[in-house]
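>>> Structure for the following, please:
(chains A, B, C and D)
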There are 2 protein chains.
Amino acid sequence: MAKNASSSKPVAVRQRGVTMSDVAKHAGVSRTAVSFVLSNRENASISEETRARIAEAVQALGYRPNAGARALASQRSDWYGIVTEIVTAPFAVDIIKGAQDQAWLDRRFLLIAPSDQADALGPNQGMEDAATEKLLEQRVEGLLYAATYHRGVHVPESANEVPTVLINCFDADGRLPSIVPDERAGGRVAVERLLQAGHRRIGVINLDPDIPAAVGRVAGAREALADAGLELDPELVVAGYATADGGYDAACQILDRYPAKERPTALFCLNDRMAMGAYDAIKERGLAIPGDIAVIGFDNQELIAAYLRPKLTTVALPFEKMGALGVQTLAALTAGQPITADQQLVDCPLLERSSV
Amino acid sequence: MAKNASSSKPVAVRQRGVTMSDVAKHAGVSRTAVSFVLSNRENASISEETRARIAEAVQALGYRPNAGARALASQRSDWYGIVTEIVTAPFAVDIIKGAQDQAWLDRRFLLIAPSDQADALGPNQGMEDAATEKLLEQRVEGLLYAATYHRGVHVPESANEVPTVLINCFDADGRLPSIVPDERAGGRVAVERLLQAGHRRIGVINLDPDIPAAVGRVAGAREALADAGLELDPELVVAGYATADGGYDAACQILDRYPAKERPTALFCLNDRMAMGAYDAIKERGLAIPGDIAVIGFDNQELIAAYLRPKLTTVALPFEKMGALGVQTLAALTAGQPITADQQLVDCPLLERSSV
DNA sequence: GCGGGGTAGTAACTCGCGTTACCTTCAGGC
DNA sequence: GCCTGAAGGTAACGCGAGTTACTACCCCGC
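You can find the predicted model right below:
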């Protein structure tokens, strides 16, 4: 509207809008020359002197390229999109951080589109579809889908139009490359640590046994025990809600079931929140951590693990690395490289603190 | 490159790229007509029948507008940018959530640019400047700066080119509108709650006394006491590191300094992490919460406050609302409305749980 | 039968930039 | 004296839309 103000005041010409043409005029060359210099085309023949003049003009005028126009003309956008419920439920926010950092390194922009967790990545995906659509309107060159917790998801149809990578979740139909934590190895490393500390009788505070995290972690625990010639006593595996209260209840059950001599000397809690509750149960009974009962967690939720007293030894979910890997994988895909693996497992490192 | 494949295979015409012209052709009208219909111009005269034909063509072809082209032509982008260290240090991630949600409601896109906390919003702002510059290249119509904790900041020069709003921080030079929590009212409400529960002798576990959060919250506490005819006993105010350990140490000092009779019956912890440590100190001494000692926190870090046992009564930092308000303020500014207030204070509501 | 005024729609220009094709100048070789 | 080739550029088109100015048609009243 109102290019030359027929309205009232003769406002300053136009605050924004130093274009390449302006730079060209200032430098006394053609716009094409400016374009060549700015996009650093080696094969174009522009004398050093002209280059310098142009650079000086850019400086003088405070020229700033218009990313949209550039994308339009060059038919590429330098943007990836990520649609995620993490913004809503920030448990796994480090995925975004990892992805952002990697994108930034690659000189790319990450458009973050939120999705409600309510219907997120599930069968009825109102917001999902809208978000995906919006991102495609921005002409993103690739899509990431990230979930707060490891699970199977359904991705909107339109995601098929550009390369797509799943982070911390996997495609129920198995079509899309995905990046997930190596839960099994994580469970193994946790129990190995307890075994190494001399514990033979180990209680497990389990999540909902059906979710991928639980399946993997328990399987890993079983493997570690088997390697030591031990078996996982089903009686010592107690499931509970994935909260501090759930952990408290489960820990009480395990601790109170046996006389002191037969009581497990260590608890493997499948997440840190439950470990937080287990701490309470243990302390209430006058037992010391790790003296009487060692505790090991999972997830490495800093706010809990680093602040519990004693600090909680736990297995970290490699969120940040997963985010970065997601962007890298996407970069490979958009560059036309074939997918190396359908599902990439990322290591869950053990973080030693003071509870074992 | 390679528009019509001189390379090898005659690939499908072009996966992406149904344009308005295609739609127009399919509907048997001019591109202009399509544009008019899609942008819903009421004054344009297009018959209902033609409108329907166009809508049908859009459907049939799966047309998706090109946001970049639209922005270029219309000279407006529908984008706001937010540069923030929150991605790096996700303490205040709800600011992003609030801003995202509000932006989404307003049909706008929020470009999130990360900034290292190391030099974030401080005097030497490498990443800051780069992020701001990148956002301006995208032609964002407004900028938000968000900090993880309430403090004064310096904003890059170039931010002056578009409307700018600060969230959870304020401009050291006082030029930019900002949105910050009402720390003072928060401190007041916390102590009022303790007074109402009958406590007269209240210990305060303080942060670094110089930061805005501490100044405000303590001032508010003092006010509440004054209203009740009491004074804040300087001996009962102990500062510590803003961690669980810091809270533990401070709580020990306060609790051990007096014989049981003179001991404070309530602790106001200026953040939840310190409250977490205070819990330990109290429990260690065989005291009950809230029976012997009531505890009230600040910040409402869900992961702590909702999972401590007993659950922590605390004052919430209204991050989400601040984010939303930031976007709203920006919307007002970009719409040309004058700024109503330099600094908007947002209420910190009391969250009753079980520790008082 | 002619002007006026609405209705329905289109041609053409623009936004800022990438890119291809072409043009000029000058030096060197035969 | 003519041709060739490189250096140093420029004109012009296209990307996908928004927007303005203008045309063509029809109905109505006088």
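>>> Need the CA coordinates for the helix or strand hosting A:V204. CSV is fine.
A:V204 belongs to strand A:202-206 when assigned by DSSP states H and E. Backbone C-alpha positions of strand A:202-206 (Å, rounded to 0.1, in the frame of the first residue of the first chain) are rendered in CSV as follows:
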residue,chain,number,x,y,z
ILE,A,202,19.4,-55.9,41.8
GLY,A,203,15.8,-54.6,41.9
VAL,A,204,14.4,-53.0,38.8
ILE,A,205,11.8,-50.2,38.9
ASN,A,206,10.1,-50.5,35.6
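>>> could you point out which element follows it?
helix A:212-227.
>>> which other residues reach the helix or strand that that next one is followed by?
Proceeding C-terminally, helix A:212-227 gives way to strand A:237-239 as the next helix or strand, assigned by DSSP H and E. Under the contact criterion Cβ atoms under 8 Å, 6 or more residues apart in numbering or on different chains, strand A:237-239 has outside partners A:G203, A:V204, A:I205, A:N206, A:L207, A:D208, A:P209, A:A214, A:V218, A:A250, A:Q253, A:I254. C-beta: built from backbone N, CA, C; applies to glycine.
>>> mind putting these in a markdown table, distance to A:A242, neighbour count and pLDDT included?
Output for the contacts of strand A:237-239, formatted as a markdown table (distance: Cβ to Cβ, whole Å; neighbours: other Cβ atoms under 10 Å in any protein chain shown; pLDDT from 0 to 100):
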| residue | distance to A:A242 | neighbour count | pLDDT |
| --- | --- | --- | --- |
| A:G203 | 17 | 28 | 97 |
| A:V204 | 14 | 27 | 98 |
| A:I205 | 10 | 31 | 98 |
| A:N206 | 10 | 22 | 98 |
| A:L207 | 5 | 23 | 98 |
| A:D208 | 7 | 13 | 97 |
| A:P209 | 12 | 11 | 96 |
| A:A214 | 10 | 21 | 98 |
| A:V218 | 14 | 23 | 98 |
| A:A250 | 11 | 26 | 98 |
| A:Q253 | 16 | 14 | 97 |
| A:I254 | 17 | 22 | 97 |
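>>> need the helices for chain A, in chain order.
A:20-27, A:31-38, A:48-61, A:67-74, A:93-105, A:126-137, A:183-196, A:212-227, A:244-257, A:272-284, A:302-305, A:319-334 (DSSP state H).
>>> In terms of mean pLDDT, which of the ones you listed ranks lowest?
In terms of average pLDDT, helix A:126-137 trails the rest of the helices of chain A, at a mean of 87.
>>> Give me the helices and strands touching that one, please.
strand A:79-84, strand A:109-114 (3 or more Cβ pairs under 8 Å, 6 or more residues apart in numbering or on different chains; DSSP states H and E).
>>> which of these sits most buried?
The highest average neighbour count among the helices and strands packed on helix A:126-137, using mean count of other Cβ atoms under 10 Å in any protein chain shown, belongs to strand A:79-84 at a mean of 28.
>>> what's the offset of that one from the middle of its chain?
12 Å (Cα atoms, centre = their mean, to the nearest Å).
>>> With respect to burial, which of the helices of chain A scores highest?
The highest mean neighbour count among the helices of chain A, using mean count of other Cβ under 10 Å, belongs to helix A:272-284: a mean of 25.
>>> sorry, back to before: what angle do the strand holding A:V204 and helix A:212-227 make?
170 degrees (axes from the mean of the first three to the mean of the last three Cα atoms, to 10 degrees).
>>> Tell me which other helices or strands strand A:202-206 touches.
Going by 3+ Cβ pairs under 8 Å, 6+ apart, strand A:202-206 lies up against helix A:183-196, helix A:212-227, strand A:237-239, helix A:244-257, strand A:266-269, helix A:272-284.
>>> can we see that at 7 Å?
If contacts are counted by 3 or more Cβ pairs under 7 Å, 6 or more residues apart in numbering or on different chains; DSSP states H and E, strand A:202-206 sits against helix A:212-227, strand A:237-239, helix A:244-257, strand A:266-269.
>>> Just send the helices of chain A back as a markdown table, with distance to B:E320 too.
A markdown table is the format used below for these (distance: least, Cβ to Cβ, whole Å):
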| stretch | distance to B:E320 |
| --- | --- |
| helix A:20-27 | 42 |
| helix A:31-38 | 41 |
| helix A:48-61 | 41 |
| helix A:67-74 | 30 |
| helix A:93-105 | 14 |
| helix A:126-137 | 17 |
| helix A:183-196 | 32 |
| helix A:212-227 | 28 |
| helix A:244-257 | 23 |
| helix A:272-284 | 22 |
| helix A:302-305 | 18 |
| helix A:319-334 | 22 |
